[in-house]
Structure formats: structure tokens, C-alpha cells
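*Asks:* Generate a structure from the sequence data that follows.
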Amino acid sequence: MATIEQIKNYILTVYPVAERIAKARNYPDHIAKVCLIQGALESGYGTATIMVKYNALFGVKATSTDIANGTYYECKTLEYDNQLKKYVSVMAKFKAFKSLEENISHYYDLISNKRYSACLYSKDVKECLTIIWSCGYATAPDYVTKCLSVEKILNKYMNTNYNYYVATERDNLNVRDKPNGNIIGSLAKGTKLYANDDWYYIPELNGFVSNKYLKRIEVNNNE
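*Replies:* Here you go, the predicted structure:
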């Protein structure tokens, strides 16, 4: 579970780089936001230690060249199995990068290739994400929904006017694979997080919690 400071640090670290490179490429303004969102979803707002170590926010699969050159890392990941209709844990090899700038440039190179390039003509974040997903970026059927949930959380942290946090009201708050779906985990009483919709997506647990069981608590704006 990413803390408030971790999410703030993720935004402060990643967004300026994403924005600068996107502007240099004359991309629409919302493309940098999409980059930020997808990186947050894949890396748990930059809390995935191994991904940060290798400057790899997006979980890009390693090519045979990457493997031959040793520019890769290996770790467990959750992937959606279309036949089983559920997420499964697998070991996979991912591309490693020398810097965050190289990683984000590679991401932009990817979405600007023939397969995904239509997203660069999208009118907003949702349309852009939908195009990227529909072109095969992710197999999970709820990928866009999860990204949009992450966007709402990022918007709160990017807006300095927030004045509350949300804590679970009871022990073992159920985490579900989708709104009203199967239970896949739990959150302990006192867990702090931001939420504003009926269902709140938690990237680290790859699941949703119901806002019905969350309580808003006023805090100092500087927290």
C-alpha cells in the first residue's frame, strides 16, 4: 500500500520527466498524464523496489536482445489468463533501463509505433487509454477501469487543496477482484488511503474496496 508521501514522490519524480519529453515530441498534453497513470498502475506508484532499481515503471517484457545483452531483470508478476478468466502469478523477464528518461522515452516510442499511434490523436485520457488497451497493450478486461481509478487518486495528490484522508472503519475490509466481485484479500483497520468513488482500486493488491466501508477524516493540508 503506497503512502501519501510515496505517491507524492512518484508524481514529483515521474511527471516532470514525462511532461518534458512529451512536449519535446509535440504530443497532446494528456499523453504525459497517461504515462504517469500507467506507470503508477504497473509499479504501485513507484513502490515496486525491483522496478525502481531497473528504472522500469511499465513492466515491458524483455526481448531476446535484452536477454542476450543482460539488460533485463526477472520477477513474479500477475497476468490475466483469458482461458482461466482470472489473474495468475508467473515468472517473467522484463526490460531494464539505464535511467527514468530512457524508460519514458521507450514508452513513448512504443505508443507512437504503428500499433498504438492512434492514441496520439485521442482527445483525452480515457480515450487514449481505451485505444492503447484495445490495441493489445494489456489483456485484462478491466485495464482501462483500473487506470481511470488510479487517475482519480493521482488527481488528488496533484491537487494541493485536499484536506482529508480515508481510513478503514473495520478489520479485514474485503478487497475484491472487481466491484462486487470475488474476495482476493483484505485491509486492516486504520489503513490510510484516498478514495472518492463507490469502489476504490488498490494497485498493490490488484483489487477494489467499497467506499461504503470507508470513513473520511479531516487532516491538516500539509499531511
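*Asks:* Would you enumerate the residues in contact with the residue nearest the centre of the chain?
*Replies:* Against the mean C-alpha coordinate of the chain, by Cα atoms, centre = their mean, the closest residue is residue 41 at 1.1 Å. Contacts here follow Cβ atoms under 8 Å, 6 or more residues apart in numbering; on that basis residue 41 touches 146, 147, 150, 203. Heads up, the C-betas are built off the backbone N, CA and C, glycines and all.
*Asks:* Looking at these, spot the one nearest residue 109.
*Replies:* Taking Cβ to Cβ as the measure, residue 109 sits nearest to residue 147 out of the contacts of residue 41, at 20.0 Å.
*Asks:* Please identify which helix or strand holds the closest one.
*Replies:* Element membership for residue 147, per DSSP states H and E: helix 143-158.
*Asks:* Next, the buried residues of that helix.
*Replies:* Judged by neighbour count (16 or more other Cβ atoms under 10 Å), helix 143-158 contains these buried residues: 143-151, 153-154, 156-158.
*Asks:* go on, stretch 174-181?
*Replies:* Buried residues in stretch 174-181, defined by neighbour count with 16+ other Cβ under 10 Å: 174, 175, 176, 177, 179.
*Asks:* Show the end-to-end separation of that stretch, please.
*Replies:* In stretch 174-181, first residue to last residue: 10 Å (Cα to Cα, to the nearest Å).
*Asks:* Ok, stretch 66-76 next?
*Replies:* First-to-last residue span, stretch 66-76, Cα to Cα: 18 Å.
*Asks:* What are the buried residues along that stretch?
*Replies:* Neighbour counts over stretch 66-76 (16+ other Cβ under 10 Å) mark 66, 72, 73 as buried.
*Asks:* try stretch 98-117
*Replies:* By neighbour count with 16+ other Cβ under 10 Å, stretch 98-117 contains the buried residues 100, 103, 104, 105, 107, 108, 111, 116.
*Asks:* closest to residue 125 among these?
*Replies:* Using Cβ to Cβ, residue 111 comes nearest to residue 125 of the buried residues of stretch 98-117, at 13.1 Å.
*Asks:* So that closest one is in contact with residue 117, correct?
*Replies:* Yes. Assessed by Cβ atoms under 8 Å, residue 111 is found in contact with residue 117 at 7.3 Å.
*Asks:* anything in contact with each of the two?
*Replies:* Common contacts of residue 111 and residue 117 (Cβ under 8 Å, 6+ apart): none found.
*Asks:* Domain map for the chain?
*Replies:* 4-141, 164-218 (automatic domain parsing).
*Asks:* and those domains, which one's lowest on average pLDDT?
*Replies:* When the domains of the chain are compared by mean pLDDT, domain 164-218 comes last with a mean of 76.
*Asks:* How far off centre is that domain?
*Replies:* Relative to its chain's centre, domain 164-218 lies at 17 Å (Cα atoms, centre = their mean, to the nearest Å).
*Asks:* ok, the residue in the chain sticking out farthest from the centre to residue 99 distance?
*Replies:* Centroid-distance maximum for the chain: residue 68 at 28.8 Å, with Cα atoms, centre = their mean. Note on residue 68: its distance to residue 99, by Cβ to Cβ, to the nearest Å, is 21 Å.
*Asks:* Could you do residue 70 as well?
*Replies:* For residue 70 relative to residue 99 (Cβ to Cβ), the value is 17 Å.
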